[in-house]
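K.L.:
Following is a predicted model, sequence given first.
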Amino acid sequence: MANIKSAKKRISVINKKTVYNRRVKSSLKGIIKNFYSALAAENFDLAKEKLALAEKKLMQAAAKGTIHKNHASRKVSRMTLAYNKAKAE
């Protein structure tokens, strides 16, 4: 356990950021799961809406530093490819 006041503050700040990051990542997982379930049900209108929402939320998380920018871009790219492939079939 930290004894120095600044170290105690850092622990508090880290805990707050951890809670925020976990909440954002959990939300992202749910949004992505909703997209893929809409795609599996061949509901392309809903899937398109979910793709737009997922892209927005992924880029927001990347901007805040919760996830890496390249990770967000890679997820969006893969989801877009999956959407286009499913729609073409």
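P.N.:
Great, that's in hand.
K.L.:
Could you give the average pLDDT over the strand or helix carrying Ser26?
P.N.:
Per DSSP states H and E, Ser26 falls inside helix 5-40. For helix 5-40, mean pLDDT is 97.
K.L.:
what element comes up after that helix heading to the C-terminus?
P.N.:
Per DSSP H and E, the first helix or strand lying C-terminal to helix 5-40 is helix 44-64.
K.L.:
list the buried ones in that next one?
P.N.:
For helix 44-64, burial by neighbour count (16 or more other CB atoms under 10 Å) applies to Ala47, Lys50, Leu51, Ala54, Glu55, Lys57, Leu58, Met59, Ala61, Ala62. C-beta here means a position set from N, CA and C on the backbone, and glycine is covered the same way.
K.L.:
Against which helices or strands is it packed?
P.N.:
For helix 44-64, the elements it packs on are helix 5-40, helix 69-88, judged by 3 or more CB pairs under 8 Å, 6 or more residues apart in numbering; DSSP states H and E.
K.L.:
Next, the buried residues of the first one.
P.N.:
For helix 5-40, the buried set under the neighbour-count rule, 16+ other CB under 10 Å, comprises Val24, Leu28, Ile31, Ile32, Asn34, Phe35, Tyr36, Ala38, Leu39.
K.L.:
Now do the contacts for Ala7.
P.N.:
By CB atoms under 8 Å, 6 or more residues apart in numbering, the contact list for Ala7 is empty.
K.L.:
Return the distance of it relative to Thr18.
P.N.:
Counting by CB to CB, to the nearest Å, the gap from Ala7 to Thr18 is 16 Å.
K.L.:
what pLDDT does the nearest residue to Leu39 once chain neighbours are set aside get?
P.N.:
Distances taken as CB to CB, 6 or more residues apart in numbering place Ala47 nearest to Leu39, at 4.7 Å, with adjacent residues excluded. What the model reports as pLDDT for Ala47 is 96.
K.L.:
same question, Ala72
P.N.:
98.
K.L.:
repeat for the one 10 residues further on
P.N.:
The predicted local confidence for Ala82 comes out at a pLDDT of 97.
K.L.:
How much space separates the closest residue to it other than its chain neighbours from Thr80?
P.N.:
Closest residue to Ala82 apart from its sequence neighbours, by CB to CB, 6+ apart: Leu39 at 6.3 Å. Distance from Leu39 to Thr80, counting by CB to CB: 11 Å.
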